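Undergrad: coordinates only, sequence not included:
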């Protein structure tokens, strides 16, 4: 199976054969790979050089490679053929989701309001701090999906902005 | 705190809220008692419940830690009235210094400069009037507060109402009262604080400063001593000012006098933290003292075992506060389960940590996870050791501030020592990492193995082991 991996600003193509061999950008890689923590951490030596890869978070995927943090994406060939990954924005509608669980202290907008990008639209209290959540895009508030004074889960839809 | 108790041969009793049952402090202590549900108001801020546990478990003294009730005069008083020793300044001192506008008055009378400001403000329109008089930018600060909680910087009148809402709201949550006041914001200041110790026999000493300028929203992220902008004469002036304030207040036990220092070396009194600071280990590193141990000795009535001339400072120390916050996403706090931890060690490294594998990081409390402290003979050595320690450290399962701290230790401005409290707001997540070719290959393989582990787990587990075995065998040839 062929994969396209982005690590920070780098893009690499990895082929993993059914025999477990890797090729990278069509060159064979002599790597000794040990999974030291299941699905979390690998010790990888390549021609004597010792590396360690740790999955810091799944979603979004973030790797720690030898003490360097990297925003990472992996797309396999099937997904590539299907047109890649989908985003949160579609048809001029932008969603604001709770970035973490907490208490939705206040909504500063109501349905129908016009907002500018980055305008503070809600206050979420978590970890003893009030966090101003900002509009992810400019437009009209098409829908309010949560009410002030309630607890929300991380990732919960708070409001939708339509950019007309 | 528990470690210092044990070093002195004292038994330590911990308390925990329902969600902290698994916490490390529970396991490190000799005894541990539940104190209530997760919500701080019903557990760690429940003074009556805490005192009841202290009496029931046979404690002699109560150490309030840092945060929660550590600067609450009513709590200090209630502890004393219950026949227990409070490890910290008495209620009268906490009242005199804990109310920030009263503390400013006391400092003025002791001949220490303070920034222009107001008394407690009645409402947002009073704040507007005061801000116009003083001139923007201004700071809104909780009158009962400390440690930067609820503080808001306001640069334009349009933003004042929102800042007022946030500041009074957070003041209510953190300190149980919404009162705020306002003061002039000093441009490009450094946040420098002076550690003091005062015993019950009239002796007050200062142990040197800590520069805490690397802050985000007035929460400290990196602290160091000596302060890069503090020379011997300024250190002596700050020490003298801190001791004058302590004497004027009749201070007892450990405390920290905070100052803002501008690029010219002028300074203004900020506030007194009537408790131990989170960052006290860097002072311990350069003085060789155990501040918690000294707190306990002072609380038991012993005289300080050292005079000012006995305070010897050697080398330099830095602390990084590793928090459950995502620096690549506006430092948003993140809760979740810790999947993996490796803490650094080696020459000059100390780690005070709450981390363990399987820990659920609660969103109810402060996001501090661990403190990494590096000591060196001088500042460059401390930085090199910190850089190495942070590169060694692994935390997985939730995003942490590690990427931020790693980048600070390689930052030219930090290395030069010429940074101020605006450092974090000017900091940009560096998405383009300097990755060697070998590390990039390893990272790409790791990413693929991770992706495989996710799909395989969902579809056919037997293939996983067979494939992994094949991969290992192949690689071993």
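TA: Happy to help now that I have it. Keep in mind that what you see is a predicted model, and the values were worked out from it rather than measured. Numbers count the residues shown, from 1 in each chain, chains lettered A, B, ... in the order given.

Undergrad: below-threshold pLDDT in chain A: ranges please.
TA: Along chain A, the parts satisfying pLDDT under 70 run over A:79-92, A:127-128, A:154, A:164.

Undergrad: quick one, strands of the stretch 1-150 of chain B?
TA: B:13-17, B:31-36, B:61-62, B:85-86, B:138-142 (DSSP state E, counting those that start in this stretch).

Undergrad: and the ones you listed as TSV, adding mean pLDDT, distance to chain A and mean neighbour count?
TA: C-beta here means a position set from N, CA and C on the backbone, and glycine is covered the same way. Below are the strands of the stretch 1-150 of chain B laid out as TSV (pLDDT from 0 to 100; distance: least, C-beta to the nearest C-beta, whole Å; neighbours: other C-beta atoms under 10 Å in any protein chain shown):
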stretch	mean pLDDT	distance to chain A	mean neighbour count
strand B:13-17	97	14	21
strand B:31-36	96	17	17
strand B:61-62	97	22	20
strand B:85-86	98	24	19
strand B:138-142	93	13	25
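
Undergrad: any idea which residue sits dead centre in chain A?
TA: residue A:60 (2.5 Å; C-alpha atoms, centre = their mean).

Undergrad: can you tell me the closest non-neighbouring residue to that one?
TA: residue A:71 (6.7 Å; C-beta to C-beta, 6 or more residues apart in numbering or on different chains).

Undergrad: now residue B:106
TA: Counting by C-beta to C-beta, 6+ apart, the residue nearest residue B:106 is residue B:248, at 5.7 Å.

Undergrad: pull the distance from stretch A:101-108 to the chain's centre.
TA: 22 Å (C-alpha atoms, centre = their mean, to the nearest Å).

Undergrad: returning to that earlier point: export the strands of the stretch 1-150 of chain B to a markdown table and tack on distance to residue B:148?
TA: Listed next are the strands of the stretch 1-150 of chain B as a markdown table, based on distance: least, C-beta to C-beta, whole Å:
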| stretch | distance to residue B:148 |
| --- | --- |
| strand B:13-17 | 23 |
| strand B:31-36 | 26 |
| strand B:61-62 | 25 |
| strand B:85-86 | 24 |
| strand B:138-142 | 9 |
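
Undergrad: residue B:353 is nearest to which of those strands?
TA: strand B:13-17 (15.7 Å; C-beta to C-beta).

Undergrad: now do the helices in the stretch 151-300 of chain B.
TA: B:160-175, B:232-249, B:280-287, B:291-299 (DSSP state H, counting those that start in this stretch).

Undergrad: any chance of those helices in a markdown table, plus mean neighbour count and mean pLDDT?
TA: Output for the helices of the stretch 151-300 of chain B, formatted as a markdown table (neighbours: other C-beta atoms under 10 Å in any protein chain shown; pLDDT from 0 to 100):
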| stretch | mean neighbour count | mean pLDDT |
| --- | --- | --- |
| helix B:160-175 | 20 | 90 |
| helix B:232-249 | 18 | 97 |
| helix B:280-287 | 23 | 98 |
| helix B:291-299 | 21 | 98 |
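
Undergrad: was I right about residue B:121 contacting residue B:130?
TA: Yes. Between residue B:121 and residue B:130 there is a contact at 6.6 Å, judged by C-beta atoms under 8 Å.

Undergrad: the more surrounded of those two?
TA: residue B:121 (22 against 18; other C-beta atoms under 10 Å in any protein chain shown).

Undergrad: pLDDT at the nearest residue to that one once chain neighbours are set aside, what is it?
TA: Take residue B:121 and drop its neighbours on the chain: the residue closest to it by C-beta to C-beta, 6+ apart is residue B:127, 4.9 Å away. For residue B:127, the model assigns a pLDDT of 94.

Undergrad: who touches the residue in the stretch 151-300 of chain B that chain A sits nearest to in this structure?
TA: Nearest residue of the stretch 151-300 of chain B to chain A: residue B:166, at 5.0 Å (C-beta to the nearest C-beta). Listed by C-beta atoms under 8 Å, 6 or more residues apart in numbering or on different chains, the contact set of residue B:166 reads A:123, A:130, A:132, B:150, B:152.

Undergrad: tell me how far the second one lies from residue B:343.
TA: When you say that, I think you mean residue A:130. 31 Å (C-beta to C-beta, to the nearest Å).

Undergrad: ditto for the third one
TA: Noted for residue A:132: a distance of 33 Å to residue B:343, by C-beta to C-beta.

Undergrad: then the first one?
TA: Look at residue A:123 and residue B:343: by C-beta to C-beta, they are 35 Å apart.

Undergrad: settle it for me: which of those two has more neighbours?
TA: Higher neighbour count among residue A:123 and residue B:343: residue A:123, with 21 against 17, using other C-beta under 10 Å.

Undergrad: who's in contact with that one?
TA: With C-beta under 8 Å, 6+ apart, residue A:123 has these contacts: A:104-106, A:108, A:130-133, B:165-166, B:169.

Undergrad: what segments of the stretch 301-450 of chain B are strands?
TA: In the stretch 301-450 of chain B, the strands defined using DSSP E, counting those that start in this stretch lie at B:316-323, B:325-326, B:332-333, B:336-337, B:340-342, B:349-353, B:360-361, B:368-376, B:394-396.

Undergrad: wait, which of those is closest to chain A?
TA: Checking the strands of the stretch 301-450 of chain B against chain A by C-beta to the nearest C-beta gives strand B:332-333 as the closest, at 4.0 Å.

Undergrad: hmm, that closest one touching chain A?
TA: Yes. Judged by C-beta under 8 Å from any C-beta of the partner chain, strand B:332-333 and chain A are in contact via B:332-333.

Undergrad: what does that strand contact?
TA: With C-beta under 8 Å, 6+ apart as the criterion, strand B:332-333 contacts A:99-100, A:126-127, A:129, A:131, B:323-326, B:363, B:367.

Undergrad: and the two most separated of these?
TA: Between any two of the contacts of strand B:332-333 (C-beta to C-beta), the greatest distance is 15.2 Å, for A:99 and B:323.

Undergrad: of the two, who's got more company?
TA: Applying other C-beta under 10 Å to residue A:99 and residue B:323 shows that residue B:323 carries more neighbours, namely 27 against 19.

Undergrad: and that one, how far from residue B:403?
TA: Residue B:323 is 12 Å from residue B:403, where distance means C-beta to C-beta.

Undergrad: isn't residue A:50 up against residue A:43?
TA: Yes. Look at residue A:50 against residue A:43 with C-beta under 8 Å: they come within range, at 7.2 Å.

Undergrad: how many neighbours does the residue nearest to residue B:121 have?
TA: Residue B:127: 25 neighbours (other C-beta under 10 Å).

Undergrad: do the same with residue B:125
TA: 12.

Undergrad: quick one, what contacts it?
TA: With C-beta under 8 Å, 6+ apart, residue B:125 has no contacts at all.

Undergrad: check residue B:296 too.
TA: Here residue B:296 is in contact with B:4-5, B:8, B:10, B:61, B:63, B:87 (C-beta under 8 Å, 6+ apart).

Undergrad: next, count neighbours for residue B:215.
TA: Quick note: residue B:215 (other C-beta under 10 Å) scores 19 neighbours.

Undergrad: go ahead and confirm it touches residue B:419.
TA: No. Counting by C-beta under 8 Å, residue B:215 sits too far from residue B:419 to count as a contact (10.6 Å).

Undergrad: buried residues in stretch B:76-94?
TA: Neighbour-count burial for stretch B:76-94 flags B:76-79, B:82, B:84-91, B:93-94 (criterion: 16 or more other C-beta atoms under 10 Å in any protein chain shown).

Undergrad: can you list contacts of it?
TA: By C-beta under 8 Å, 6+ apart, the surrounding residues in contact with stretch B:76-94 are B:47-48, B:51, B:54-55, B:59-64, B:70-75, B:97, B:249-255, B:274-276, B:295-296, B:299-300.

Undergrad: now with 7 Å, please.
TA: The contact list for stretch B:76-94 (C-beta atoms under 7 Å, 6 or more residues apart in numbering or on different chains) reads B:47, B:51, B:54-55, B:59-64, B:70-71, B:73, B:249-253, B:255, B:274-275, B:295-296, B:299-300.
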